[in-house]
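Asker: The following comprises the amino acid sequence and a computationally predicted model.
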Amino acid sequence: MGSGDGGEPMVVARGLGKTYRVATHRGGALGALRGLVDRSGRDVRAVDGVSFTVDRGEMVGYVGPNGAGKSTTIKMLTGILVPSDGEATVDGLVPWRQRKALAARIGVVFGQRSQLWWDLALVESLDLLRHVYRVPKDRFAINLAGLRDLLDLDPFLATPVRQLSLGQRMRGDLAAALLHDPAILYLDEPTIGLDVVAKARVREMLARLNRERGVTVLLTTHDLADVEHLCRRMIVIDRGRLLFDGAIDELRRRFGPHRTLVIDLEDGDPAPAAGPFCPGVDWVRADGPRRWLRFDRDAVPAADLIAAVAARHRVRDLTIEEPAIEDIVRRIYTEGMGTP
Amino acid sequence: MAPTESPPLPPIAGEEGLGGVGGLTTPVRLYLAVAQRSFRRHLAYRAATLAGLFTNAVFGVLIASVFTALYRSRATEGGGERIAGFDVAEMLVFVWVGQSLIMVLHLWGWWDVAQAVRSGDIVSDLMKPFDFYAYWLSRDLGRAACHVLVRFVPTMALGMLLTDLALPRSPLRWVAFAVSVLLGLLVAFAFRFMVNVSAFWLLDVRGVGYLAYSAVNFLSGFLIPLTFFPPWLRGIAEALPFRAMVMLPAEILLAKRPVAAALGVQLLWAVALTLLARAVLNRAIRKLTVQGG
């Protein structure tokens, strides 16, 4: 076999690309008939030469706006889509050539879909998967016990899936994707549509899953809070191209060099609403007694700045804000990779 | 709703019935497990079952009355007591067998795979290490088994209660009929599957679907026996696979045909349509994996 263990990365993608041919629509029945014969249309480059690796046990955020090519990439890495160019291996297998063999080694959860049988109790769907993946009975019992505990399934294990809340269903789907000990778990928008509490719960469970069971996770989402909570590394793509691949801290350093000092002033302090404070530091906003000072993280040490502000103004309280990942990524999308 | 303490794991019904020897599972056991869940799932639709039985009974009585009246008027005009090769008792059996088989064969109105294609749920089925066709066939066999129990048997019983049915007594004949229905189901499934899979190419599968399902209605012998057709139409109908669904099983039950020959025709159609349906599926999967669906 030569795969499944060893030091090679779990996922290797090299120059992966996918071009769709979108048929130009013609009107009427005649047009539809011509469409069957005449295959002309225009090409859409959904994924454009994407390269990255994911190591075993890593949890990586794969991020991009709608239509960026996230799902297309995941489809190629699960073998459901044949790339137009480039190559990839997942756990040592070429996904689109060894789809069935790979199927036994991956788990997939789509936030907007469910692989559970709607009318049956959750436990029945899970038991069916034992047969689908041919999990030995004792192994299945151990895995199910672990997942019941981790995902807190017991309260609704015997409930028909159609009666589950969205959060419960998501936990059920996570269990369904993990019963056969997959080497890698693809999560596509796992918190979509969940309320704040359920979202936090699912995130916490995913973090434990990765930490305690060592499952490699590729997390596709457009909710950057998911990535911020769960991943140390993220890959950003837009319009099919890879824009960033690295640690989230690195992303902050490179694309969000400014931090903000938020100050609450004593009454009557004359600090301005806007304008320079000193080189590299500017007043940027005011709201009542509150002021925002933006400063360059590399040029100005926070401690010095606080001392300087305290020397000139009467400060009641202050906090330092990091730029939100959300804002940084939005800037990358709109401004591209040029120096921000 | 949420219990304060964890309830014990509910037992999985029928687990031992599948021969839970050892820890290993085989493909056959997977498809059995699929069929079993499908069976149980359909068993749960009690209201739909009752409504369906009521409809079958109403239509059964209605069509039976029309035929009874037809035979009676023929008799008063001094005609023979057979029409198109059937006497009135046989015709009533034909009518009720047709009504009873509607849901066993699921003659029309099946869109499950087309819906999975449309919603994209099909992707998660294709990411499973099983045979997609065998998976859906197992689901359909489980469903059909349930419908034998909750639709075929009660509808036949109603037929016996509401009209004067002369059913054959030979157990062997019923065995041949059962085999014939199973083969008919394989043909019906392959056909329905192809109709559904056309969703890969068509924006809306319903147009093709309604056309295809009316063809089934008419050419399977469900509406009226094919022997009622004018010769040219009957020739066409007998060259097509649809008669394997209703006409041949009914003719086997009524001893209108040599059993082996009729089963042979059904078997040929079952094999041919299954191969064709699988070929269409492979084309569809290739389209999905290359063009992204």
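Answerer: Sure thing, it's come through.
Asker: Could you pick out the longest helix of the chain?
Answerer: Just going to use chain A. Counting residues, the longest helix found in chain A (DSSP state H) is helix A:196-213.
Asker: hmm, I had chain B in mind actually
Answerer: helix B:259-291.
Asker: can you give me how far that helix is from the chain middle?
Answerer: 16 Å (C-alpha atoms, centre = their mean, to the nearest Å).
Asker: Repeat that for stretch A:246-260.
Answerer: Its chain's average C-alpha position is 18 Å from that of stretch A:246-260, according to C-alpha atoms, centre = their mean.
Asker: Can I get the longest helix of chain A as CSV, trimmed to CA atoms?
Answerer: Written as CSV, here are the backbone C-alpha positions of helix A:196-213 (Å, rounded to 0.1, in the frame of the first residue of the first chain):
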residue,chain,number,x,y,z
VAL,A,196,-24.3,31.6,18.7
VAL,A,197,-24.5,28.9,21.4
ALA,A,198,-24.6,26.0,19.0
LYS,A,199,-21.8,27.5,17.0
ALA,A,200,-19.6,27.8,20.0
ARG,A,201,-20.5,24.2,21.0
VAL,A,202,-19.6,22.8,17.6
ARG,A,203,-16.4,24.8,17.5
GLU,A,204,-15.4,23.5,20.9
MET,A,205,-16.1,19.9,19.8
LEU,A,206,-14.1,20.3,16.6
ALA,A,207,-11.1,21.6,18.6
ARG,A,208,-11.3,18.6,20.9
LEU,A,209,-11.6,16.3,17.9
ASN,A,210,-8.5,17.6,16.4
ARG,A,211,-6.6,17.7,19.7
GLU,A,212,-7.6,14.4,21.2
ARG,A,213,-8.1,12.2,18.2
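Asker: Pairing partners for the helix or strand that that helix is followed by, with directions?
Answerer: Downstream of helix A:196-213, the first helix or strand assigned by DSSP states H and E is strand A:216-221. Here strand A:216-221 has these sheet partners by DSSP bridges: strand A:59-63 (parallel), strand A:184-188 (parallel).
Asker: Could I get the average pLDDT for the last one?
Answerer: Read it as strand A:184-188. The average pLDDT for strand A:184-188 rounds to 94.
Asker: now swap in the first one and tell me
Answerer: For strand A:59-63, mean pLDDT rounds to 95.
Asker: residues making contact with that strand?
Answerer: Residues from elsewhere that reach strand A:59-63 (C-beta atoms under 8 Å, 6 or more residues apart in numbering or on different chains): A:54, A:70, A:73-74, A:206, A:210, A:216-222, A:224, A:226-227, A:230-237, A:248, A:329. No exception for glycine: its C-beta is placed from N, CA and C like everyone else's.
Asker: Go ahead and build a ChimeraX selection from the buried members of those residues.
Answerer: What follows is the ChimeraX syntax selecting those of those that are buried according to 16 or more other C-beta atoms under 10 Å in any protein chain shown:
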select /A:54,70,73,74,206,210,216,217,218,219,220,221,222,224,226,227,230,231,233,234,235,236,237,248,329
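Asker: Could you list the low-confidence segments of chain B?
Answerer: Residue ranges of chain B with pLDDT under 70: B:1-25, B:293.
Asker: That one: helices as residue ranges?
Answerer: Going by DSSP H, chain B shows helices at B:27-43, B:46-76, B:88-105, B:112-119, B:122-126, B:132-147, B:153-162, B:171-197, B:206-219, B:231-239, B:247-253, B:259-291.
Asker: Quick check: the residue of the stretch 151-300 of chain A nearest chain B.
Answerer: A:Asp154 (3.6 Å; C-beta to the nearest C-beta).
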